[in-house]
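Novice: Sequence first, predicted model second:
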Amino acid sequence: MKRVKQHNSMEAAWSFLLHLEDEGEDSDAGQASASAETSVADALSSAAGARSARNGQHVPIDEQLLHLNDGAKLIICMVGKPARGKTFLAAKIKRYCEWLGYRVKHVETVAVRRKMFGKVEPDDFFDSESVEMKDHRRAAQQESLKVAIEWLQRDEGQVAIYDATNSTRERRAWIKEYVQEHLVDRTQLNSVVSHRVLWVESLSEDNELITRNFLELRATGPPFPEYKGLTDEQATQKFLEKLKFYDQEYEPLDSEKEDISFIRISNFGKQVLVNKINGFLESKLVSFCMNIHTEPRVIVLVRHGQSEFNIQDRIGGDPKITEAGHQFADNLAKYIAENAKNGLQSAEVLSELEENKRDNPYAFNPVEDLHVWTSNLRRTIQTVRNIECRAKVPWVALAEIDAGICECMTYKEFKENLAVQYMKRQRSKATWRYPGGESYLDVKKRLEPVIFELERQRKPVVVCAHRAVLRCLYSYFVGISISRAPFLPFPLHTALVLTPTSSGWREERVPLEPNVGDLGAHEQDVQAAAAKIRKQQAKRRRLAQEAKDQRQLEREQLAASIATSPAPAPATPATASEMALADAAAVTSATAPP
């Protein structure tokens, strides 16, 4: 009796049906595809970003819906006093929106202000009674808001994050009026608005948390010119003096006094309040913000130990790990046990903490604090078997990408037996879906609960999973688009340690023995294609810069020629008789029959 294939989702079943339509193409192509196909790199570069309704290029429906009301733009305005985590939260929102597929720009008013006015002193610049300094602050705010508006006016701009204190109702009303006046409605539809504004406020009155956040920002964030050369104690005292100016005029968001849509986050994620949330993306951001906090911890991403299929260059399956894989499992457990007291931090970070006389906030006790997450496949479970931890949790969502009918094939068999599908995969690896299986976009979709849980965790986590899954997770943490995720190097027997900073994540790759390499025949093709694409992109950038320089040179030459050319002779004034003849000719022309 013929076995009936069971599909995990409607998308997988649909892709299997589309594959059946392509089988005729595959059989006709056969070995002839070798002479007809172009290089992998040429196919990738010529068809990058292409879309098709067929399975090989099909984009999941969730990706097609990731737009804002027929072209409407979203402006996210941050609200809060300094050191409340606004910039940290804005950076997180930016990465999450980009991971969902939106095009986002983060505009920091503090960076614009320092560029315009340089180093400032609190007594001079932040005094609310000083009219001159108030005008300077307004100028910096207006300039940064102008940058955000210009981004949204561009066709590719979808979301702008305006990062400023926005501490008074008067200022927030001015922002709404400015946006309404300067953001041109390009939707050309009467049924939708051209933009929506979402306010995100971060509140906290916990002085211990505020001070800790300020010192962490000073240690890991961009340099503060106004605190240069000061000790932590002196910088903290100066910062607290600065906060007094904000305390005098700060007005929190109030649903009774302001008709606005907002999210309020209190005490770094301990409480979340929402008001008048409209729209798909805004609703997603509410759920996301409920899991955000600033607690220091580490996240370790690691692939399973070498498996039998890695040696055979096979796709998917549920094989056991090899002897080298077991050795890696032992070394991984040993690495975590020996370095837990240092929080798995590098020597450079430990030296910096010691120099600043600060305790290590990342140190942990594995038995009490560490959580280990794996997929439900045995090669990941075997890899973490010796790690001492508080809990080990298998996730179905962390399973390797479903290869459908290609499961357990070698890449050589895949290329020979499914030539058309193989070429479709090479043209668009991120959107291509295995017949009866998944694409990278499908994997990204099912990883969203994992992202939320990782953001929510306040203790260290080790995630042991598979290459495609870890590429998608890593693309979120470092802000890389899903189209580039399939080309990210993620070798075997390497621990990727991620540590949160004020603006993102600091990463360190720790190779562990034994070194087994990771480039099978297929992966070598992909990496070679990616290298060639990067070379072509560099060439295009170089040619564009040369064309720009040539245009600038031509403009300068034209300006020089105009400056050196003799001035035209002044016109000779017309005589009275000439003027009379001209008037007569004009009258004759006006009265002549057509």
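Specialist: Great, that's in hand.
Novice: all contacts plus neighbour counts: C-alpha atoms, from now on.
Specialist: Fine.
Novice: which ones are touching L285?
Specialist: Shown in contact with L285 (C-alpha atoms under 8 Å, 6 or more residues apart in numbering): I93.
Novice: Please identify the helix or strand for P489.
Specialist: Under the criterion of DSSP states H and E, P489 resides outside all helices and strands.
Novice: Distance of it relative to L344?
Specialist: Applying C-alpha to C-alpha, to the nearest Å, the value for P489 to L344 is 22 Å.
Novice: can you check L209 too?
Specialist: 24 Å.
Novice: Who has more neighbours out of the two?
Specialist: More neighbours surround L344 than the other of L209 and L344, with 26 against 17 (other C-alpha atoms under 10 Å).
Novice: so that one touches V497, yeah?
Specialist: Yes - contact criterion C-alpha atoms under 8 Å: L344 and V497 qualify, at 7.3 Å.
Novice: Now list whatever residues contact both of the two.
Specialist: Common neighbours of L344 and V497 (criterion: C-alpha under 8 Å, 6+ apart): V298.
Novice: Let me see the confidence value for the residue lying closest to D318 once chain neighbours are set aside.
Specialist: Excluding its sequence neighbours, the residue lying closest to D318 (C-alpha to C-alpha, 6 or more residues apart in numbering) is L377, at 6.0 Å. Confidence at L377, expressed as pLDDT, is 95.
Novice: go on, the one 3 residues further on?
Specialist: The confidence metric pLDDT takes the value 96 at T380.
Novice: Count the neighbours of it for me.
Specialist: That count, for T380 with other C-alpha under 10 Å as the rule, works out to 29.
Novice: Helix or strand for it, just tell me which one.
Specialist: helix 378-383.
Novice: Now the next helix or strand after that helix: average pLDDT?
Specialist: Following helix 378-383 in sequence order, the next helix or strand is strand 391-395 (DSSP H and E). The pLDDT scores in strand 391-395 average 95.
Novice: and strand 391-395, which residues are buried?
Specialist: For strand 391-395, burial by neighbour count (16 or more other C-alpha atoms under 10 Å) applies to K392, P394.
Novice: Tell me the strands beside that strand, with direction?
Specialist: strand 371-375 (parallel) (DSSP bridges).
Novice: So, low pLDDT: which residues of the stretch 201-350 of the chain?
Specialist: For the stretch 201-350 of the chain, the stretches flagged by pLDDT under 70 are 218-227.
Novice: contacts for stretch 442-450?
Specialist: Stretch 442-450 is contacted from outside by P60, A397, L398, I401, A468, V469, C472, L473, using C-alpha under 8 Å, 6+ apart.
Novice: Which of those fall within helices?
Specialist: A468, V469, C472, L473 (DSSP state H).
Novice: Run a quick neighbour tally on A538.
Specialist: When neighbours are counted by other C-alpha under 10 Å, A538 registers 12.
Novice: same question, K539
Specialist: Applying other C-alpha under 10 Å, we find 12 residues neighbouring K539.
Novice: Next, work out how far apart it and K134 are.
Specialist: Taking C-alpha to C-alpha, one finds K539 at 47 Å from K134.
Novice: what do you get for Q234?
Specialist: From Q234 to K134 the distance is 26 Å (C-alpha to C-alpha).
Novice: residue contacts, A90?
Specialist: By C-alpha under 8 Å, 6+ apart, the contact list for A90 reads M78, H106, I161, D163.
Novice: what's the answer for C97, then?
Specialist: R103, V104.
Novice: now the helices: where do they sit in the stretch 351-500 of the chain?
Specialist: Using DSSP state H, counting those that start in this stretch, the helices of the stretch 351-500 of the chain run over 366-369, 378-383, 411-417, 419-427, 440-446, 448-456, 467-478.
Novice: okay if I get those as a markdown table plus distance to I562?
Specialist: Formatted as a markdown table, the helices of the stretch 351-500 of the chain follow (distance: least, C-alpha to C-alpha, whole Å):
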| stretch | distance to I562 |
| --- | --- |
| helix 366-369 | 74 |
| helix 378-383 | 73 |
| helix 411-417 | 63 |
| helix 419-427 | 51 |
| helix 440-446 | 57 |
| helix 448-456 | 61 |
| helix 467-478 | 51 |
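Novice: nearest to E98, of those?
Specialist: Between E98 and the helices of the stretch 351-500 of the chain, the shortest separation by C-alpha to C-alpha is 8.2 Å, and it involves helix 467-478.
Novice: which residues are contacting the closest one?
Specialist: Contacts of helix 467-478 (C-alpha under 8 Å, 6+ apart): 95-96, 99, 301-303, 398-401, 440, 443-444, 447, 451, 481-482, 485-486, 488, 490, 504-505.
Novice: Can you flag which of those belong to strands?
Specialist: Among these, the members found in strands (DSSP state E) are L301, V302, R303, W505.
Novice: Need the max-distance pair from these.
Specialist: R303 and W505 (19.3 Å).
Novice: and the two? which has more neighbours close in?
Specialist: Just comparing R303 and W505: by other C-alpha under 10 Å the higher neighbour count belongs to R303, 24 against 16.
Novice: wait, the more buried one sits on P511?
Specialist: No - taking contacts as C-alpha under 8 Å, R303 lies outside contact range of P511: 11.5 Å.
Novice: Need the overlap of contacts for the two.
Specialist: Listed as contacting both R303 and P511 by C-alpha under 8 Å, 6+ apart are H493, T494, A495.
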